[in-house]
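Asker: coords please:
(chains A and B)
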Protein chains: 2
Amino acid sequence: MPELRQDPVTETWVVIATERAKRPSDFKRPAEQRKGTEACPFCYGHEAMTPPEIMAYRPSGGRNEPGWTVRVVPNKFPALAIEEHPAGVNLGNDFYHLQAGYGAHEVIIESPEHDSDLATHSAEQTRAILQALRDRFSDLRGDKNLRYIQIFKNHGATAGASLEHPHFQLVATPVIPPVITRELDGALRYYEETGECIYCNLIKREFLDGERLVCENQDFVAFCPYSSRSPFELWILPRQHHSDFDALSERQIEVLASLLKETFTRFLGSLENPPFNLILHTAPLDLEAGEYYHWHLELIPRLTIFAGFELGTGIYINPTPPETAAQFLKVSLSEIH
Amino acid sequence: MPELRQDPVTETWVVIATERAKRPSDFKRPAEQRKGTEACPFCYGHEAMTPPEIMAYRPSGGRNEPGWTVRVVPNKFPALAIEEHPAGVNLGNDFYHLQAGYGAHEVIIESPEHDSDLATHSAEQTRAILQALRDRFSDLRGDKNLRYIQIFKNHGATAGASLEHPHFQLVATPVIPPVITRELDGALRYYEETGECIYCNLIKREFLDGERLVCENQDFVAFCPYSSRSPFELWILPRQHHSDFDALSERQIEVLASLLKETFTRFLGSLENPPFNLILHTAPLDLEAGEYYHWHLELIPRLTIFAGFELGTGIYINPTPPETAAQFLKVSLSEIH
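Answerer: The predicted structure follows:
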């Protein structure tokens, strides 16, 4: 029987299409052509190919020289940019609203290693990446024209990565994105009804049910969400309630780095390096959502195509139940190593 | 200056990323490998490769035989299906809601011609396709368990078409899709404030501005919307207010067929057969939205990849302003012929 499952926060539906049920092996696809390091702007010695760096962690070397471990640069083709035009002012008319594309668009180069990734980085390297993300977030928080900071990562050409050298991106926007507004609305409604955080209760449910859990440690948990939009979708949540990503302590960063390594070793290894988007969801900068919102990471594999039905309805068709996906990701680590 | 433009109905934002500005020629890509007719389940003589037909227009031949002009069959791998389980009943628990995937999933084969499309079909052929879509819509309206009928078309593998023979799909759902709910909410809010249909006023604006118009006739208009999510996005609206697609008269079907032919000749010709999704937006079956909702078609080319930023925020980054796109689509017809 095909199922319609509802996301408890946003109340949107997904179709778990059992008639189309696919096994993990059905998602194998030819490896993408690698471009290599020669023309890669993120490799050592190519620092001049990017705009001048915003910051870098570097045991050696001067600015815009090799020697860094994590390097942050402006996006060469920014979607949004700090401009003289003020944020939030309607430059359109009474019917069509337009505002200046005020904001920031940065690239966080994860490592000097062209072929490393979140499964193969050292724990120390991932710790440094998370620290850089947090530090850039905290710095941009000071700009009162900004309302949201979107941190994300595209992996693989199918998932929108135009450069293969591992990197995160950060886009700071002068508006609160609709996806976040919907989560905030749902979480606030639940909080007003129950006095509790819906994500905290969701974590409790997942530990109770158990069948969608993939891995966990003392501070974080990774599981396939009940209403997964995509085969092998994974959410990573802090087990302790917190609305803001940039409140992460040094110790929590270390513990998260460890969970990311296990999660990505399972995920990338057992699905043979699938294309994916990794997306941070956190509270807006100018909204008091501390009581009811809960920051988290969403990992969306791009193994199916979001086509006319998904674009037209906002309902996703997923051929792999999350229980099946979690079971596969749980048992497969022993086979990988 | 990059711009943030707001959709007047849903109030969501798009980024018109002038820093990434692309010309139409930048979207040229290698033609997709054609699979041909030999194993195509939608070609004449292969009728037994599909489930038995639901209906067909056929000047000659018996059921499930050649001779048809338009043929409607159940999807072989349906996302939703009529089941014994009742629609709308929660089969999950108090936290996670689940309902039976009640519904219908049909395929409308546009023509016996494997290589024809909406630009090359005869006017009579497109008229018959529209009639078939309307007739299937009207028939399913009788099922009181259904709340919405999503008609759409995927063209090209990148846009999710697994079969290249031209076809529409219809998915009938027991829930109102969130994309439609957001449009209804925005249209109702506007109607309550002004007593007018926001889409009717949008059409007036587009004729006034002129710069985003692509083509029009006495009953329909095609233009690149102000807050286009994708380069060369096109909307087609009936100029007279109506909320329900299936209220189309025979005469209106003929006039729409004519506008579709011109639109797709411009669109497919000048962009060299791009992948796209064509999506019908119409009122839910069980909701009185006649005063404020306005049915329409949205044509979304898949020339950019919807990646982590789009999935995470719901904000689309579009490198081609709709004014540029419309100008190109307007002038290019003479070059095509």
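
Asker: Phi, psi for A:Thr194 please.
Answerer: Here is the backbone geometry of A:Thr194 (degrees, to the nearest 10): phi -120, psi -20.

Asker: who are the neighbours in contact with it?
Answerer: Residues in contact with A:Thr194 (CB atoms under 8 Å, 6 or more residues apart in numbering or on different chains) are A:Asn201. Every residue, glycine included, has its C-beta placed from N, CA and C.

Asker: Report how many residues lie close to A:Glu323.
Answerer: 16 (other CB atoms under 10 Å in any protein chain shown).

Asker: pretty sure it is in a strand, no?
Answerer: No: A:Glu323: not assigned to a strand; according to DSSP: H, G, I helix; E, B strand; the rest coil it is helix.

Asker: so the closest residue to it other than its chain neighbours, which of the three states?
Answerer: Closest residue to A:Glu323 apart from its sequence neighbours, by CB to CB, 6 or more residues apart in numbering or on different chains: A:Glu211 at 4.8 Å. Classification of A:Glu211 using three-state DSSP returns coil.

Asker: Next up, phi/psi of A:Glu211, please.
Answerer: Taking degrees, to the nearest 10, you get phi -80, psi -10 for the backbone angles of A:Glu211.

Asker: any idea how far it lies from A:Pro322?
Answerer: Separation of A:Glu211 from A:Pro322 (CB to CB, to the nearest Å): 9 Å.

Asker: Also A:Pro8?
Answerer: To A:Pro322, A:Pro8 is 14 Å away according to CB to CB.

Asker: Please apply the same query to A:Gly62.
Answerer: Taking CB to CB, one finds A:Gly62 at 48 Å from A:Pro322.

Asker: Next, the most centrally placed residue in chain A: secondary structure please.
Answerer: The centroid of chain A falls nearest to A:Ile279 when counting by CA atoms, centre = their mean (1.7 Å). Following three-state DSSP, we place A:Ile279 in the strand state.

Asker: that older thread, quick one, which of A:Glu211 and A:Pro322 is more surrounded?
Answerer: Applying other CB under 10 Å to A:Glu211 and A:Pro322 shows that A:Pro322 carries more neighbours, namely 26 against 14.

Asker: Quickly note the distance from the closest residue to the more buried one other than its chain neighbours to chain B.
Answerer: Once flanking residues are discounted, A:Pro322 sits nearest to A:Cys224: 3.5 Å by CB to CB, 6+ apart. Applying CB to the nearest CB, to the nearest Å, the value for A:Cys224 to chain B is 13 Å.

Asker: With A:Glu183 instead?
Answerer: The gap separating A:Glu183 from chain B is 11 Å, by CB to the nearest CB.

Asker: Tell me which residues touch that residue, please.
Answerer: Taking CB under 8 Å, 6+ apart, we find A:Glu183 in contact with A:9-10, A:281, A:293.

Asker: now swap in A:Arg127 and tell me
Answerer: Counting by CB under 8 Å, 6+ apart, A:Arg127 has contacts A:253-254, A:257.

Asker: hang on, the earlier thing: show the overlap between the contacts of A:Glu183 and what lies near chain B.
Answerer: Among the contacts of A:Glu183, the ones lying near chain B by CB under 8 Å from any CB of the partner chain are A:10, A:281.

Asker: Which two among the contacts of A:Glu183 are spaced furthest apart?
Answerer: Within the contacts of A:Glu183, A:Thr10 and A:Tyr293 form the most distant pair, 12.8 Å apart (CB to CB).

Asker: So which of these two has more stuff around it?
Answerer: Neighbour count, other CB under 10 Å: between A:Thr10 and A:Tyr293, A:Tyr293 has more, with 27 against 18.

Asker: Next, the more buried one: secondary structure please.
Answerer: Assignment for A:Tyr293 (three-state DSSP): coil.

Asker: show me what contacts it?
Answerer: Neighbour list for A:Tyr293: A:183-184, A:187, A:197, A:199, A:243, A:283 [criterion: CB under 8 Å, 6+ apart].

Asker: thinking again about what came up before, looking at the contacts of A:Arg127, spot the one nearest chain B.
Answerer: Nearest to chain B among the contacts of A:Arg127, counting by CB to the nearest CB, is A:Ala257 at 20.0 Å.

Asker: Quick check: buried residues in stretch A:124-138?
Answerer: A:125-137 (16 or more other CB atoms under 10 Å in any protein chain shown).

Asker: Relative to the whole chain's centre, how far out is that stretch?
Answerer: Here stretch A:124-138 is found 14 Å from its chain centre; the criterion is CA atoms, centre = their mean, to the nearest Å.

Asker: Please apply the same query to stretch A:296-306.
Answerer: 9 Å.

Asker: can you check stretch A:10-17 too?
Answerer: Stretch A:10-17 sits 20 Å away from the centroid of its parent chain (CA atoms, centre = their mean).

Asker: Show residues contacting it.
Answerer: Stretch A:10-17 is contacted from outside by A:2-7, A:182-183, A:186, A:227-229, A:314-319, A:321, B:77-80, B:101, B:175, B:177-178, using CB under 8 Å, 6+ apart.
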